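S.K.: return atomic coordinates for the entry below.
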Amino acid sequence: MFGIPGKQAVSMTDKAAAQIIKLMTAKGHAGLRIGVKKGGCAGMEYTMEYVDEADPNDEVVTQDGACVMIAPMAQMFLFGTEIDYETSLLESGFKFNNPNVSEACGCGESIKFDDSLFAK
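M.R.: Numbering: from 1, shown residues only. Predicted coordinates for the structure are as follows:
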């Protein structure tokens, strides 16, 4: 586990927790696994997938009945992130307010992390 003992890796807004619970209930899954992968114009992208159980190395975060699992390789990149869910006239989706991001592309789908994370 990466981070500070007693502090969750990520937090969720009430809107995000409600949406995760809605997805978990509708699809019959235990939660969502969040990760990062190489890709996009800025270098990295967030990933989300339904899961039926946590991997032994996942960081499990629960809040108000919502459950997210942080993939092991993503834990250092996501520590301190607030997950939100936004709805607008044109789109709806999860938004990651991540203090570790140094740049994001214009579409918001791709991110670049602070180089200091790679020095650890």
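S.K.: end-to-end on stretch 62-69?
M.R.: For stretch 62-69, the first-to-last residue distance is 9 Å (CA to CA, to the nearest Å).
S.K.: next one: stretch 68-88
M.R.: 24 Å.
S.K.: list the buried residues of that stretch.
M.R.: 68-71, 74-81, 83-85 (16 or more other CB atoms under 10 Å). Where C-beta positions appear, they are placed from N, C-alpha and C, glycine not excepted.
S.K.: so of those, which ones are in helices?
M.R.: When these are checked against helices using DSSP state H, the ones located there are 75, 76, 77, 78.
S.K.: pick the one among those closest to residue 13.
M.R.: residue 78 (15.2 Å; CB to CB).
S.K.: surely that closest one meets residue 47?
M.R.: No. Counting by CB atoms under 8 Å, residue 78 does not reach residue 47; the two are 11.1 Å apart.
S.K.: need the overlap of contacts for the two.
M.R.: Jointly contacting residue 78 and residue 47 under the rule CB atoms under 8 Å, 6 or more residues apart in numbering are 34, 36.
S.K.: so who does residue 11 touch?
M.R.: Taking CB under 8 Å, 6+ apart, we find residue 11 in contact with 61, 63, 81, 82, 83.
S.K.: same question but for residue 27, I mixed them up
M.R.: residue 50.
S.K.: for the buried residues of stretch 68-88, work out which two are farthest apart.
M.R.: Across the buried residues of stretch 68-88 (CB to CB), the longest gap, 24.0 Å, separates 76 and 85.
S.K.: I'd like the contacts of residue 11 as TSV, with pLDDT appended.
M.R.: Output for those, formatted as TSV (pLDDT from 0 to 100):
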residue	pLDDT
61	94
63	91
81	91
82	94
83	94
